[in-house]
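*Asks:* below is the structure, and that's it, no one-letter string:
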């Protein structure tokens, strides 16, 4: 048995981009910045991570209609990792 579930809160780094696939279904792409603040050696530190998110269907339409750059969002869904680039050939 396995579980793939993620819940994340952050802010949009740009306006949502909506497109429709040939079947007519909406797909909205979002980019979310997630800040982590912590203390290290009595000094306040901050890390920012960026995530690309795809939203489908009616939810995609609503994201495009109501969200803008800087909007705070909470995202729940599944995580899918895509890898790009060249791999070294081992002989």
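*Replies:* Looks like it arrived, so ask away. Computed from a predicted model, the values in this text were never measured in an experiment. Numbers count the residues shown, from 1 in each chain.
*Asks:* which residues touch residue 16?
*Replies:* 28, 29, 30, 63, 64, 67, 68 (CB atoms under 8 Å, 6 or more residues apart in numbering). C-betas here are computed from N, CA, C, even on glycine.
*Asks:* recalculate using a threshold of 10 Å.
*Replies:* Going by CB atoms under 10 Å, 6 or more residues apart in numbering, residue 16 touches 28-31, 53, 55, 60, 62-69, 71, 73.
*Asks:* now do residue 50
*Replies:* 10, 13, 31, 32, 33, 34.
*Asks:* now render those residues as TSV, adding secondary structure and neighbour count.
*Replies:* Supplementary listing: these in TSV, determined by DSSP: H, G, I helix; E, B strand; the rest coil; neighbours: other CB atoms under 10 Å:
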residue	secondary structure	neighbour count
10	strand	21
13	coil	15
31	strand	17
32	strand	21
33	strand	13
34	strand	14
